[in-house]
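# Predicted model, plus sequence, below.
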Amino acid sequence: MRRGLFLVIAGAFADKPCKNAGKICRVGEPDGSGDPLDRCGNGRGFMNLFTAFLLLASVGCSTARAVFSKKLGACAATSGFFRTQALLYIFAAVTVGVLNAKTLWHLCAETAALGAAYGVLTLLAQGLYTVALKTIPVSVCAMVYSFGFVIPAVFGTLAFKEPVSPAKICSVLLCAVAVVFSAPRGGERAKGNALATLSLVIAMVASGGLGMVQKWQQRSAHAMQTGAFLWTAFLLAGAVSALAAAAEKRRGCAAPSRGKHVYIFAAAVGAAMGGANTANTLLAGILPSIVVFPVTNVGVILASLAVSVLFLKERLTKRQAVAACFGIAAVALFSLPL
């Protein structure tokens with residue numbers, strides 16, 4: 001079965017010529033069931049060029065999502081929040097459709113249930129992440145949000161017997177220290193910052209839940225239904241957001257749209273979200289959780305820090321800078337084969 005744009009690239013990037021380039025070579029049924037790791041002639045190969053491409057796509061799209069989410073939050077008033085969220089989920093669904101065109105129509109009950117769970121967690125994660133970005137620098141938000149990798153990594157260890165070590169335990173403790181240092185101290189803006197920090201921490205937990213659902217879906221008998229899985233999630237998230245926006249409008253509290261910039265940034269966030277989620281879901285079936293989530297997240301932390309300082313001209317406080325150092329150390333330590 002063909003897998004859309006990502007699998008065309010997979011065939012081009014395979015380590016060796018494959019008569020089934022651009023296809024999934026699997027043991028299973030044509031409806032998308034079977035072993036998720038039987039991919040493109042190389043069986044259970046790990047760090048080939050296609051995997052490297054997915055890692056780069058994940059980091060790039062996740063960083064773009066963080067930056068444009070901040071821009072989107074600045075364009076839309078609080079009363080127009082759900083409208084902008086509905087728009088970005090529509091664009092995310094379109095992106096997933098383009099990248100996974102051939103697997104959108106294969107949907108079993110298990111994939112639908114996992115997609116619904118993923119959609120609910122996406123609503124929570126993206127919504128609260130956008131709230132946090134209004135007052136917290138992009139680099140700090142991206143770092144704390146990335147700490148959600150601990151949840152799917154632990155899940156992979158417990159559910160799929162993936163290895164763990166003392167280094168991983170120390171990494172989790174460093175994550176906790178980084179979160180503490182990124183939290184606000186006293187001051188006139190402390191209350192608002194505390195709310196933003198709480199929103200960010202909840203978004204982090206939700207993002208970890210997203211990783212768990214991705215791993216579950218990719219380890220299921222219907223792992224090839226990636227497109228249908230993500231499409232279900234984003235359509236559900238978009239529908240719920242649209243209903244909430246309609247309710248706001250009926251109550252007369254919806255603000256007017258702030259011109260074309262809202263649509264431009266919503267499209268950018270949606271496209272980045274669709275690309276990142278497609279790459280992350282495929283990676284969850286190729287690499288162990290204890291590798292893929294730390295590696296992608298340290299890349300996002302570093303890229304977001306560079307964009308935040310160099311292009312957005314955001315300045316970190318001393319505590320936030322210390323938190324960033326602890327965060328990078330935590331993710332790097334988690335990635336070590338110790």
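Cool, got the structure. Numbers count the residues shown, from 1 in each chain.
# gap between the nearest residue to Arg319 once chain neighbours are set aside and Leu174?
Nearest residue to Arg319, sequence neighbours excluded (C-beta to C-beta, 6 or more residues apart in numbering): Phe181, at 5.0 Å. Where C-beta positions appear, they are placed from N, C-alpha and C, glycine not excepted. Separation of Phe181 from Leu174 (C-beta to C-beta, to the nearest Å): 11 Å.
# between the two, what contacts are shared?
Phe326 (C-beta atoms under 8 Å, 6 or more residues apart in numbering).
# Run a quick neighbour tally on Phe229.
Close neighbours of Phe229, defined as other C-beta atoms under 10 Å, add up to 35.
# Excluding chain neighbours, give the residue nearest to Met273 in space.
Nearest residue to Met273, sequence neighbours excluded (C-beta to C-beta, 6+ apart): Ala92, at 4.5 Å.
# Check which helix or strand the one you found maps to.
helix 81-99 (DSSP states H and E).
# for that helix, packing partners?
Counting contacts by 3 or more C-beta pairs under 8 Å, 6 or more residues apart in numbering; DSSP states H and E, helix 81-99 packs against helix 5-13, helix 49-75, helix 109-133, helix 226-250, helix 260-286.
# May I see the buried residues of the last one?
Applying a neighbour-count criterion of 16 or more other C-beta atoms under 10 Å, one finds 262-263, 265-286 buried in helix 260-286.
# now the third one
By neighbour count on 16+ other C-beta under 10 Å, the buried set for helix 109-133 is 110-111, 114-133.
# Next SSE downstream of it?
Downstream of helix 109-133, the first helix or strand assigned by DSSP H and E is helix 138-146.
# again with the last one
Counting by DSSP H and E, the next helix or strand C-terminal to helix 260-286 is helix 289-310.
# Run the chain-centre distance for that next one.
12 Å (C-alpha atoms, centre = their mean, to the nearest Å).
# orientation of that helix relative to helix 49-75 in degrees?
Angle, helix 289-310 to helix 49-75, by axes from the mean of the first three to the mean of the last three C-alpha atoms, to 10 degrees: 50 degrees.
# What helices and strands are in contact with helix 289-310?
Contacts defined by 3+ C-beta pairs under 8 Å, 6+ apart place helix 289-310 against helix 49-75, helix 138-146, helix 150-160, helix 190-219, helix 260-286, helix 318-335.
# Give me whichever of those helices is most buried.
helix 138-146 (a mean of 28; mean count of other C-beta atoms under 10 Å).
# Pretty sure Ala101 sits against Thr226.
No - counting by C-beta atoms under 8 Å, Ala101 stays clear of Thr226, with 11.6 Å between them.
# Sweet, I'm off.
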